[in-house]
Each structure stands twice: as structure tokens, then as C-alpha cells.
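1. fold the following and give me the result.
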Amino acid sequence: ERGCTAEDDDPYASGAFVRCCGDLKKTFGLHGTKWFHYICKPTSSGGEADEEQERGCTAEDDDPYASGAFVRCCGDLKKTFGLHGTKWFHYICKPTSSGGEADEEQERGCTAE
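-> Residues are numbered from 1 along each chain as shown. Purely as a prediction, here's the structure:
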């Protein structure tokens, strides 16, 4: 099928999203590497289809910039900046009640001084 991403390929490899072919679904995970990324997989492969991303939002504990462009956090989740259990600062979507500090300045589209 032309104009779509084949099984086990990255739908963002071109720098822009290219839909998965046929019944394949975009899935997010390690996929045998040391970094999280998207590939196209059949939903019956045991991989969980990234339904949150299909709806156009980022799920809890996921990076809203994983695709290379910001994808808003789902529901009442807020983009938060911190170590989040790693050695580097990065954004993930968290409930504001989780104790993480929501990045309200970024949500409003302005930068702090």
C-alpha cells in the first residue's frame, strides 16, 4: 500500500506522521531498543495500540513531545517538567494531584523570565 507505514516501521520516520497500513496500529514502546518510540503493529500482536494518541492526546506518564511535536495531554492531565525517575529533565503528562508541578506557563503559551 502506498502512502502508509509498513509493519514494524516508524510512522514518524519521515519527520511527519504517515498513517499505518491496513489494520496496523501505531504503538508506543521500547520495541527491542533502549528508547521509547512508535512503530506500526497489528493489534493482535500483543502490543497495545496507542489509542490515546489516535484520539490526538498524550496518555498519563507519556511524553507529550515523543512524536517530535507537542501533543496535548488527555483529559485533566497536565504537562509537567522534571526528572520523573530518570537522570534527565523532560516532560510527561501527569494528574495535577500527583504532586508534580504542572507547567502552567507553557500551557498558556508563554515562557518564564
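2. show me where this structure dips below the pLDDT cut-off.
-> 1, 44-55, 98-113 (pLDDT under 70).
3. which parts of it are strands?
-> Along the chain, counting by DSSP state E, strands occupy 24-29, 37-42, 77-82, 90-95.
4. buried residues in the third one?
-> I take that to be strand 77-82. For strand 77-82, a neighbour-count test (16 or more other C-beta atoms under 10 Å) marks 77-80 as buried. Glycine gets a C-beta too; all of them are placed from N, C-alpha and C.
5. in this protein, which residue is closest to the centre?
-> Central residue of the chain (C-alpha atoms, centre = their mean): A66, 4.6 Å from the mean position.
6. with distance to I39 added, can I get the buried residues of strand 77-82 in TSV?
-> Listed next are the buried residues of strand 77-82 as TSV, based on distance: C-beta to C-beta, whole Å:
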residue	distance to I39
L77	24
K78	28
K79	24
T80	26
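7. give the bridge partners for K78, please.
-> K94 (DSSP bridges).
8. so it sits against Y91, correct?
-> No - counting by C-beta atoms under 8 Å, K78 sits too far from Y91 to count as a contact (10.0 Å).
9. neighbours of the nearest residue to L30 once chain neighbours are set aside, how many?
-> Excluding the flanking residues, the one nearest L30 by C-beta to C-beta, 6 or more residues apart in numbering is F36, at 6.1 Å. Residues contacting F36 under the criterion other C-beta atoms under 10 Å number 12.
10. from Y91, how far out is F36?
-> Using C-beta to C-beta, to the nearest Å, one gets 13 Å for the distance from F36 to Y91.
11. what is in contact with those two at once?
-> The contact sets of F36 and Y91 overlap at D63 (C-beta atoms under 8 Å, 6 or more residues apart in numbering).
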